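In: structure, please.
(2 chains)
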Amino acid sequence: MKSLIQRLVETTGPSGYENQVRDLVRKEIENDAAEIRVDAMGNLIARKGSPQPGGRRIMLSAHMDEIGIIATHVDANGFVRFTTVGGVRPNTCLGSRVRFLSGVQGLINGEKLDSNDKVHSFEQLFIDVGAASRADCPVKIGDVAAFDRPFLDLGNRLVAKAMDDRISVAVLIEVIHQLKSSPNDVYFVFSTQEEVGLRGATTAAYGVDPEIGFAVDVTLSGDTPKGIKMETSLGKGPAVKVRDSSLLADPRVVRWMIGTAEEEHIPYQIEILEAGGTDARAIQLTRMGVPSGCVSIPTRYIHSPSEMVDFRDVENAVRLIVALLSKPVNLE
Amino acid sequence: MNDIVPFLKQLLDASGLSGNEGPVQAIIAEKWKPLVDELAVSRVGSLHGLRRGTGAEPRRRILLAAHMDAIGLIVSGIVDGFLRFTQIGGVDPRILPGQMVVIGGREQIPGVIVQPPDSLLPPGSADRPVPMEHLLIDTGLEPEEVNRLVRPGDLVSFGQHPIELAGDTLAGHSLDDRASVAAVTACLLELQSRVHAWDVWAVATSQEETSFAGAQTSAFEIHPDLAVAIDVTFAKGPGYNDHGGFGLNKGPTIGFGPNIHPEAFKALKKAADEIEIPYEVEAIPRHSGTDAFAIQVAAEGIPSLLLGIPLRYMHTPVEEVGLKDINRTGRLLAEFISRLQPDFLNEISLEKLP
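Out: Here you go, the predicted structure:
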């Protein structure tokens, strides 16, 4: 599974430009899914399961897109100015490298500041792709790039850009591989444009019209020096979301997830996230409403070019989701 | 006149934070049962009550939306037997220290919100409201007991009972928006002795304080021809006596702005004028911050209206409303509904506007 994760995180796919990721996902699952389709927003939707009486139509969503940048201006000397796609922070940009969809690579640096105590604003940052002039610059206005950082395997801990949310894409692929049979009608959605407003999951959920839905996404962890006050830690299991700033998970879905984890002796944590949101919000608000929740992978340094997860949490997330889908669901 | 008050007090004492409206929903369902023809609960926890009209089928439908969810707190961690927490909905942290609360975990446990002394807070924190991340809940229990009875994710409701103040006013938590649930109930009571052509869908919505999930999905499910959201608005009060607020106990507000259907607005105002219910027009230039905003763009779009009940100290445990305004809102709704003719949508069509 680690090699799958590496291939996923090293693929470039900022919001709206997920096609390279989508091709990779499709190859991984085409022999295991009953049906695969791509909707107008670019979501890849794979169906699996043989619905039995008591089975439910369940939608899972993991987003394929990652945060990135888009070129807005190329100056006479070939320096590229840019704006952001999704929640990029300027303090993680300085010294970072980017890779455009075309494969062109470059680095981000900035104008000289008055004081070393200050952080560059995006307006003060630029990309240097090694060009000497505008004519020589292979980047044109509107070209899109993502951060460029090789996958790092530290044993239990894995580090990469775009762990948010390719780690969950890997989890869903692994679930599709491992799920032998399900009495439910399960729709695995590899969604687009989550980072710019849950755009893909909104239409995917409308199309699938699920009875139950959950997202699989990363969440923050509270286990770094003088970090945020949060109960989740790396290595203590996947987290069952109770609330974030966009969603109050349906209490029945929370009970279903916790009950299943306890029955199967899978470690889990409770997630109370102060800020942030996932595809689960879009699913919950679909049509006449969908009981929704989220299985989260605790992750350090989210939205930086080096996001860290614990591989045991990833494996336990797979176990938990396989267990959730393997039985008829009775929310209560 | 204020026979709705005991019911309202019962609502205020019921737990039912956003996303977990079960207890308050059950109380409303019991009250509405004899007043409507059908009752159901939506997939995301809104309560739907249908009172059929007398018009020929297919009848037009009006949806009344008042949210039953309340703001509150949620346990986010346990430190040496004390509870850390964060908010469900937008709680004003300035008023938290000293509040009585109830933790709804494996048992209902009372607690008080406490703040550490200034000397233990980060430098620069003295003499200003203490941020929520530094506040704690003390249950009085030993740490082992707390670990046994409470876990992160448990909900924390405000514990104060409502108090009737002089001058026909009531103070308490969760009047936003259970005052409006009471107003819709007053409307249903009034409709018992009236004839109305349209079907009336009374909806106590869920999750208004966080995502408007209840209103958006109920509007999609019921697919009404017209909707009225009822929510609290800012009353005049200390430091709020200029054009920004509305008189307490001086009548409801009728919202106007892009969220509001301009022709339906005229009809609602006319009804208020003709039965001499005092009101003020509330100009709302953008997001109304109410269920009306989600309802307006549900499905193919729904003509939406908004009634406001003026309220002081919003999102604190001592929200204050005028009881007369609740009854007036109920009466105005009933009057407006009983005036709706089968062809009302033609009257308010925007096609004929120049």
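In: any idea which residue of the stretch 101-250 of chain A lies closest to chain B?
Out: Nearest residue of the stretch 101-250 of chain A to chain B (CB to the nearest CB) works out as residue A:248 at 2.9 Å. Heads up, the C-betas are built off the backbone N, CA and C, glycines and all.
In: measure that residue to residue B:315 for me?
Out: Separation of residue A:248 from residue B:315 (CB to CB, to the nearest Å): 17 Å.
In: which residues are in contact with the nearest residue to residue B:82 once chain neighbours are set aside?
Out: Leaving aside its sequence neighbours, residue B:82 sits nearest to residue B:136 (CB to CB, 6 or more residues apart in numbering or on different chains; 4.1 Å). Contact partners of residue B:136, counting by CB atoms under 8 Å, 6 or more residues apart in numbering or on different chains, are B:79, B:82, B:83, B:84, B:85, B:113, B:114, B:115, B:116.
In: likewise for residue A:239?
Out: A:219, A:232, A:268, A:269, A:270, A:271, A:295, A:296, A:297, A:298.
In: residue A:307: which of these is nearest?
Out: Residue A:307 lies nearest to residue A:297 out of the contacts of residue A:239, by CB to CB, at 9.9 Å.
In: which SSE is the closest one in?
Out: Applying DSSP states H and E as the criterion places residue A:297 in strand A:292-298.
In: then residue A:230?
Out: Counting by DSSP H and E, no helix or strand carries residue A:230.
In: report pLDDT for the closest residue to it other than its chain neighbours.
Out: Using CB to CB, 6+ apart and skipping residues adjacent in sequence, the residue nearest residue A:230 is residue A:222, 3.1 Å away. Looking at residue A:222, its pLDDT reads 95.
In: again, but for residue B:1
Out: Listed pLDDT for residue B:1 reads 45.
In: can you check residue A:87 too?
Out: 95.
In: would you agree it is in contact with residue A:277?
Out: No - Residue A:87 lies out of contact with residue A:277 (CB atoms under 8 Å); the separation is 10.8 Å.
In: more crowded one of the two?
Out: For residue A:87 versus residue A:277, neighbours defined as other CB atoms under 10 Å in any protein chain shown are more numerous around residue A:277 (19 against 12).
In: contacts only, for that one.
Out: By CB under 8 Å, 6+ apart, the contact set of residue A:277 is A:198, A:244, A:245, A:246, A:247.
In: so residue A:23 is in which element?
Out: Using DSSP H and E, residue A:23 maps to helix A:19-29.
In: now whichever helix or strand comes after that helix: buried residues?
Out: Using DSSP H and E, the helix or strand that directly follows helix A:19-29 along the chain is strand A:35-38. Within strand A:35-38, the residues that qualify as buried by neighbour count (16 or more other CB atoms under 10 Å in any protein chain shown) are residue A:36.
In: what's the burial count for residue B:190?
Out: Residues near residue B:190, counting by other CB under 10 Å: 19.
In: can you report how many residues neighbour the residue nearest to residue A:230?
Out: Neighbour tally, residue A:222, other CB under 10 Å: 15.
In: model confidence at residue 4, what's the number?
Out: No chain specified, so I'll use chain A. pLDDT recorded at residue A:4 is 98.
In: actually it's chain B I care about, not the one you picked
Out: Residue-level pLDDT assigned to residue B:4 equals 93.
In: equivalent analysis for the one 4 residues further on, please.
Out: In the prediction, the pLDDT value recorded for residue B:8 is 97.
In: could you measure from it over to residue B:323?
Out: From residue B:8 across to residue B:323, the span is 8 Å (CB to CB).
In: shared neighbours of the two, which are they?
Out: By CB under 8 Å, 6+ apart, the residues touching both residue B:8 and residue B:323 are residue B:170.
In: of these two, who's got more company?
Out: Comparing residue B:8 with residue B:323 by other CB under 10 Å, the one with more neighbours is residue B:8, at 25 against 21.
In: ok, that one touching residue B:179?
Out: Yes - Residue B:8 is within contact range of residue B:179, at 6.8 Å (criterion: CB under 8 Å).
In: give me the common contacts of these two.
Out: residue B:326.
In: on that earlier part again, what's in contact with the helix or strand just after the strand holding residue A:297?
Out: Using DSSP H and E, the helix or strand that follows strand A:292-298 in sequence is strand A:307-310. Residues outside strand A:307-310 that contact it (CB under 8 Å, 6+ apart): A:156-164, A:167, A:218, A:234-235, A:297-301.
In: pLDDT below threshold where in chain B?
Out: B:1-2, B:353-354 (pLDDT under 70).
In: could you list the domains of the chain?
Out: I went with chain A, as the question did not name one. A:2-66+A:161-326, A:68-147 (automatic domain parsing).
In: think we crossed wires, I meant chain B
Out: Domain segmentation of chain B under automatic domain parsing yields B:5-70+B:173-347, B:72-158.
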